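Peer 1: My questions concern the predicted model and sequence given below.
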Amino acid sequence: MWFFKKKQTEQDILIERIKAEQLDMQGLFSNINKRGEVEALFKELSKQCHPDKFEKDPEKKEIAQKLFTQIQNNRNNYTQLMELKSIVEVKFLNE
Amino acid sequence: MGLIDRFIKWFRDSAERRRFINEFNANARGAFQSLSVDTLLEAKACSGNSDSSYRHELSAPIFLSGIAIEAKAGTEIPVDDIILIGKIILSNQVLVRRMFVLHWDTLIVRDTRTGKFVDWRIRDFMSFGGLLNERR
């Protein structure tokens, strides 16, 4: 009944949005299974596109900075790191 | 938020909590049976850490405020791997946000065969990030 219904607060709306977000469980289990490789991949990518490596090329340094931040943010996400690896390969290694 | 309001919200979400656990377990079983993971994981609700620093605004009553991910079968996992599994779970922002709003405040990863476990404060890994930007 309408008079029992409480007005939705900002917090309630945000909670509803969070509950509606799509969960990628398969991706999660794939990351868990690849946990042994995650650390090595993270180190390899961090080394390959560390911004300090591109001091002489400001354009590349900016790209490296963005990629480096993304790598740090996805430290434990194997799927994302693999995607970033292909970007790193295209941007820096295929030249 | 008043105590009664909190209790009503927690009670209303208990079906959703069960659904989340069932979904996690079904996926974990599927991944184990298809040999895509080497350890069978199982989620269950349990009591959270009694330390008050673990509590947050949406925390369930303490005896049900924890979510445990247990390694049930397959290869034994050392503590380093337990920590890594926890970090992988907590790096998934969608999952962390969902656990937070479903009233869990403690994530426990445990190997039932060795009894070793590690727990984390879920609120420390919570970020509304892009979600708040989307609303503007």
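Peer 2: Nice, I can see it. Remember, predicted model here, so these are calculated numbers, not experimental data.
Peer 1: elements contacting the lengthiest helix in chain A?
Peer 2: Identified as the longest helix of chain A according to DSSP state H is helix A:58-73. Under the contact definition 3 or more Cβ pairs under 8 Å, 6 or more residues apart in numbering or on different chains; DSSP states H and E, helix A:58-73 sits against helix A:35-48, helix A:78-88. Placement of C-beta: from N, CA and C, glycine included.
Peer 1: wait, which of those helices is closest to residue B:118?
Peer 2: helix A:35-48 (14.0 Å; Cβ to Cβ).
Peer 1: before we move on, the earlier item: what residues does the longest helix of chain A touch?
Peer 2: Residues from elsewhere that reach helix A:58-73 (Cβ atoms under 8 Å, 6 or more residues apart in numbering or on different chains): A:42, A:45-46, A:49-51, A:53-55, A:80-81, A:84, A:87-88, A:91-92.
Peer 1: can you narrow these to ones near chain B?
Peer 2: Taking Cβ under 8 Å from any Cβ of the partner chain as the test, chain B is in contact with none of the contacts of helix A:58-73.
Peer 1: Pass me the low-pLDDT residue ranges in chain A, would you?
Peer 2: A:1-7, A:94-95 (pLDDT under 70).
Peer 1: Could you see whether chain A lies near the helix ranked longest in chain B?
Peer 2: Counting by DSSP H, the longest helix found in chain B is helix B:14-33. Yes. Looking at helix B:14-33 against chain A by Cβ under 8 Å from any Cβ, the contacts come from B:16, B:23, B:24, B:27, B:28, B:31.
Peer 1: For the residue nearest to the first one when sequence neighbours are not counted, give me its contacts.
Peer 2: Ranked by Cβ to Cβ, 6 or more residues apart in numbering or on different chains and with sequence neighbours excluded, the top spatial neighbour of residue B:16 is residue B:102, at 6.1 Å. Listed by Cβ under 8 Å, 6+ apart, the contact set of residue B:102 reads B:13, B:16, B:17, B:20.
Peer 1: Give me the helices and strands touching the strand or helix carrying residue B:82, please.
Peer 2: Per DSSP states H and E, residue B:82 falls inside helix B:79-90. The contact analysis (3+ Cβ pairs under 8 Å, 6+ apart) places helix B:79-90 against helix A:25-33, helix A:35-48, strand B:66-74, helix B:93-101, strand B:106-111, strand B:117-121.
Peer 1: which one of these is the most hemmed in?
Peer 2: strand B:106-111 (a mean of 22; mean count of other Cβ atoms under 10 Å in any protein chain shown).
Peer 1: ok so, going back, need the residues that contact the longest helix of chain B.
Peer 2: A:19, A:23, A:25-26, A:28-30, A:33, B:37, B:39-45, B:67, B:69, B:73-74, B:98-99, B:102-104.
Peer 1: need the residues of chain B near chain A, please.
Peer 2: B:16, B:23-24, B:27-28, B:31, B:36-39, B:41, B:58, B:81, B:84-85, B:87-92, B:94-95, B:97-98, B:100-101, B:128, B:131-132, B:135.
Peer 1: Filter the residues you listed down to the buried ones, PyMOL style.
Peer 2: Applied in PyMOL, the following selects the buried portion of these according to 16 or more other Cβ atoms under 10 Å in any protein chain shown:
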select buried, chain B and resi 24+27+28+31+37+38+39+41+58+81+84+85+87+88+89+90+91+92+95+97+98+100+101
